[in-house]
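requesting a structural model of the entry that follows:
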Amino acid sequence: MEAIDGSAFKNSNAVYACQLNGKGGITGFGENSLATAEQPFWQHLDYKNQASYQWIMNTNLLPAPVKEGLAGESVRPKLIRTGEGAMITLRTINRNDNARPDHLVSFRIYINDRMVISSCHRKVYSIDQVLDNLHNGIGAKNTGHWLVEIADSITDEVNDFIETLHDNLIEFEDGILEQKIPGRGELVLLRKQLIVLRRYMAPQRDVFMRLASEKLPWMSDEERHLMQEISDRLGRGLDDLDGCIARTAVLADEITSIMADAMNRRIYMMSLLTMIFLPSTFLTGLFGVNLGGIPGNEYKFGFGLFSLLLSLLIAAFTWWLRRSKWL
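I've put the predicted structure just below:
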């Protein structure tokens, strides 16, 4: 198969650019380098960089659908076969500063046996692990191995975030057992993060499953087996997501029940207080009409005696409520 000359990548203004040495390490490449199945090129681009965008649009190395995929705004994980290559869109956790993790980052890849062209705008931290392995000489030896490593790194990152969300859910559940209601919006945010992950990771698992089953010429049987294991691991994470989403619904019902119980207790206590003071309210209203003939009107101890009688009446009524187990 015809090799790709390094001059074809000129003026691409890549974020990362290297050539795999076929032994787990990398070498720099120039215009006279050749990309082969044994020593493929990897170029990572920021598609919003004008020079990189122009290179993507003008290069003859990429089919038209791939150009649109690498420079477009597609966000759903998917796999499109294009002859001997494949266009892959993946999503991963957003670990950038001042960003929420559930605002996932899109990572687009065009890959064949001689080159890997990847693009994104926001930083993808999973790439750092793949780069470190290559710099240490224990990284990918070919493009199929590179794809397995990036999928493995992204899946680890996703599963770590799922575990974090699961721990947060357990804290909420423990708080509910102690009658502590989460802060306003906290449970809603957790549920939203779980649903967003579920929405994008389900098709991403399908992408990995398809990569494991497709007979792509640049992936060996061992790499397809590893991709299947990655798909299974992500599938277990999805099972955890489903369980967590169901548990947030139970938590929401329990919070509603706790708040309803609290409101009912307050209304009940107010009703009891109304009952306790009802006789005294009647008597004070009766004696406060300011008409002639009110008993004790001219007796100097009349008000004190009346207040004492009201107190005794309230105490007796309270005793009766307690004896009736209303209090």
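
and Lys48, which helix or strand is it part of?
Of the helices and strands defined by DSSP states H and E, none includes Lys48.

isn't it right up against Ser119?
No. Applying CB atoms under 8 Å as the test, Lys48 and Ser119 come out as separate, 9.3 Å apart. C-beta here means a position set from N, CA and C on the backbone, and glycine is covered the same way.

more neighbours, those two?
Counting neighbours by other CB atoms under 10 Å for Lys48 and for Ser119 shows that Ser119 has the greater number, 25 against 12.

okay, and the beta partners of Gln19?
Under DSSP bridges, the beta-bridge partners of Gln19 are Thr27, Phe41.

ends of stretch 208-222, how far apart?
Length of stretch 208-222, first residue to last, CA to CA, to the nearest Å: 14 Å.

residues making contact with it?
37, 79, 81, 84, 86, 88, 111-113, 142-144, 147, 151, 155, 224-225, 227-228, 230-231, 234 (CB atoms under 8 Å, 6 or more residues apart in numbering).

burial count for Met87?
By other CB under 10 Å, 23 other residues sit near Met87.

how near is it to Val116?
Met87 sits 12 Å away from Val116, taking CB to CB, to the nearest Å as the criterion.

which stretches of the protein form strands?
4-5, 16-20, 26-27, 34-35, 41-46, 78-82, 85-92, 105-111, 115-120 (DSSP state E).

excluding chain neighbours, give the residue nearest to the residue most central in space within the chain in space.
Geometric centre of the chain, nearest residue: Gln193, 3.2 Å, by CA atoms, centre = their mean. Distances taken as CB to CB, 6 or more residues apart in numbering put Asp102 closest to Gln193, at 4.2 Å, once the chain neighbours are dropped.

I figured the one you found was touching Asn94, is that so?
Yes. If you go by CB under 8 Å, Asp102 and Asn94 touch, sitting 7.4 Å apart.

related to what we said a few turns ago, identify whichever of the strands of the chain lies nearest to Asn264.
strand 85-92 (45.1 Å; CB to CB).

by contact count, what packs against that closest one?
Secondary-structure packing of strand 85-92 (3 or more CB pairs under 8 Å, 6 or more residues apart in numbering; DSSP states H and E): helix 64-71, strand 78-82, strand 105-111, helix 143-177, helix 186-213.

buried set for the last one?
So the one you mean is helix 186-213. Residues of helix 186-213 classed as buried by neighbour count (16 or more other CB atoms under 10 Å): 187, 190-191, 193-194, 196-198, 200-201, 204-212.
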